[in-house]
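A.B. asks: Mind looking at a prediction? Sequence and model below.
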Amino acid sequence: MSNERKESSILAYFGDLADPRIERCKRHQLIDIIAVGICAVICGADSFVEMSEFGAAKRAWFETFLDLENGIPSHDTFRRVFGKLKPAEFQRCFLAWIESVQEQTKGEIVAVDGKALRGTFERTTDKSAIRMVSAWATTNSLVLGQIKTGEKSNEITAIPRLLRLLEIEGCIVTIDAMGCQREIVEQIVEQQADYCISLKGNQGILHQEVREYFQWARAVEFKQLEYSYAESVEKDHGRIETRRYWSVEDVEWLNNKAEWRGLRSICAVEAERLELSTKKRSLETRYFISSLGSEAQELFAAVRKHWGIENSLHWVLDVAFREDQCQIRTDHGAENFATLRHIAVNLLKREKTAKVGVKIKRNKAGWDTNYLLKVLTG
């Protein structure tokens with residue numbers, strides 16, 4: 001493939017996308033609309049107007065590998081097409097591309113977490129903001145997939161649907177307390193993966209039992225108990241944070257233990273923070289259940305990397321992509337634009353030659369089509 005045609009590599013996965021338009025209304029090929037859309041979002045476009053203006057500014061470059069018989073689509077065309085495009089179809093193409101580029105390794109930690117698209121909240125109708133649940137491969141720094149929660153449901157029902165879309169065999173799935181559900185645990189084990197899931201009051205008896213066990217065990221200093229321990233100390237942003245991890249495999253005594261498929265260990269994580277300027281200390285303890293053994297270092301890695309989804313994905317979407325300011329609301333537009341952002345995040349994080357953040361990479365891709373080509377071809 002020539003240098004001029006390399007940019008089509010990712011687009012090959014969207015070539016069979018079902019076109020939602022009726023035949024007589026098609027002035028632009030669907031793949032052209034998708035291609036300009038992906039490139040525009042990579043380069044800083046955060047709306048359909050910006051998408052169209054970017055296409056017009058780069059029309060000569062796009063014409064080297066797209067037909068564009070009727071020029072660059074208008075912002076109304078982008079809005080209508082991405083509004084009517086079936087999210088499941090768009091997601092299917094996205095997942096096919098991810099499978100081709102992901103270097104899956106045994107023990108890969110897959111963090112599953114939800115995020116509201118705050119700009120989709122409608123004050124006039126009091127309609128809730130759309131909430132997306134995403135799966136993040138922490139080692140490869142890739143969004144593996146996403147799914148919108150139903151209007152009258154929440155992450156509990158969305159997570160199993162998302163997991164069924166993914167190839168997670170041999171991975172470790174981490175989820176916050178919302179995902180601590182028997183059906184979700186069952187789904188993870190069914191797909192031959194492990195789990196490490198946070199406990200809170202939504203699992204009252206289980207949370208209480210685990211909390212009281214570790215309170216007792218620490219009171220007796222774990223004497224005559226088989227356990228594993230790990231500790232980390234970090235100094236950053238004017239504070240010192242010490243994390244202590246205890247884990248045990250003694251779980252047969254748990255009530256209803258048999259209902260939690262694959263459950264092998266429980267874990268307590270204590271985070272102590274010291275603010276250097278004020279000398280103020282804070283202490284928080286969280287509890288987890290896991291299908292992993294009680295090796296604290298392995299559980300420690302799973303817990304830490306799950307927290308990383310906030311910095312590695314959600315923070316990037318908010319700061320570098322201004323996701324919470326996006327006002328796209330009609331039809332499937334918000335959901336499909338979220339997929340465009342995830343495509344852009346993956347491509348920009350895979351590009352390693354520019355030692356700068358994602359926001360600057362977006363600017364650089366917009367300024368320099370050679371760098372954009374590098375982003376597109378990985």
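C.D. replies: In hand now; what should we look at?

A.B. asks: low-confidence ranges in this protein?
C.D. replies: 1-9, 104-105, 118-129, 150-153 (pLDDT under 70).

A.B. asks: tell me the domain boundaries of it?
C.D. replies: Taking automatic domain parsing as the domain assignment, the ranges for the chain are 6-86+332-377, 99-319.

A.B. asks: And the helices in the stretch 201-350 of the chain, which stretches?
C.D. replies: Per DSSP state H, counting those that start in this stretch, the stretch 201-350 of the chain carries helices over the ranges 204-219, 296-309, 315-319, 333-350.

A.B. asks: The domains of the chain: which one's closest to residue 325?
C.D. replies: Proximity to residue 325 (Cβ to Cβ) singles out domain 99-319 among the domains of the chain, at 5.6 Å. Every C-beta, even on glycine, is put in place using the N, C-alpha and C of the backbone.

A.B. asks: Just the terminal-to-terminal distance for the closest one.
C.D. replies: End-to-end distance for domain 99-319, by Cα to Cα, to the nearest Å: 27 Å.

A.B. asks: ok now it, how far from the chain's centre?
C.D. replies: 13 Å (Cα atoms, centre = their mean, to the nearest Å).

A.B. asks: circling back: residue 93: which of the domains of the chain is closest?
C.D. replies: domain 6-86+332-377 (4.7 Å).

A.B. asks: so can I have TSV of the helices of the stretch 201-350 of the chain showing mean neighbour count and distance to residue 44?
C.D. replies: Putting these into TSV (neighbours: other Cβ atoms under 10 Å; distance: least, Cβ to Cβ, whole Å) gives the following:
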stretch	mean neighbour count	distance to residue 44
helix 204-219	15	44
helix 296-309	20	23
helix 315-319	17	13
helix 333-350	23	10
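
A.B. asks: want to throw those helices into CSV with distance to residue 177?
C.D. replies: As requested, these are exported to CSV (distance: least, Cβ to Cβ, whole Å):
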stretch, distance to residue 177
helix 204-219, 8
helix 296-309, 12
helix 315-319, 21
helix 333-350, 24
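
A.B. asks: so which of these comes closest to residue 281?
C.D. replies: When the helices of the stretch 201-350 of the chain are compared (using Cβ to Cβ), the closest one is helix 204-219, at 17.9 Å.

A.B. asks: Go ahead and name everything in contact with the closest one.
C.D. replies: 180, 199-201, 225, 227, 246, 248, 254-256, 260, 266, 268, 285, 287, 289 (Cβ atoms under 8 Å, 6 or more residues apart in numbering).

A.B. asks: re earlier: out of the helices of the stretch 201-350 of the chain, which is closest to residue 359?
C.D. replies: The nearest among these, by Cβ to Cβ, is helix 315-319 at 6.7 Å.

A.B. asks: how many other residues sit next to the residue lying closest to residue 340 once chain neighbours are set aside?
C.D. replies: Closest residue to residue 340 in three dimensions, ignoring its sequence neighbours and counting by Cβ to Cβ, 6 or more residues apart in numbering: residue 41, at 4.5 Å. Residues contacting residue 41 under the criterion other Cβ atoms under 10 Å number 25.

A.B. asks: Mind telling me what element residue 41 is part of?
C.D. replies: helix 30-42 (DSSP states H and E).

A.B. asks: Likewise for residue 92?
C.D. replies: Counting by DSSP H and E, residue 92 is found in helix 87-101.

A.B. asks: now that helix against helix 30-42, angle please.
C.D. replies: Using axes from the mean of the first three to the mean of the last three Cα atoms, to 10 degrees, the inter-axis angle of helix 87-101 relative to helix 30-42 is 70 degrees.

A.B. asks: how far is helix 87-101 from where the chain is centred?
C.D. replies: Per Cα atoms, centre = their mean, the centroid offset for helix 87-101 relative to its chain is 14 Å.

A.B. asks: Can you tell me what sits against it?
C.D. replies: 10, 13-14, 16-18, 142-148, 165-167, 332, 335-336, 339, 342-343, 346, 350, 378.

A.B. asks: Would you mark the buried spots in that helix?
C.D. replies: 87, 89, 90, 91, 92, 93, 94, 95, 97, 98 (16 or more other Cβ atoms under 10 Å).
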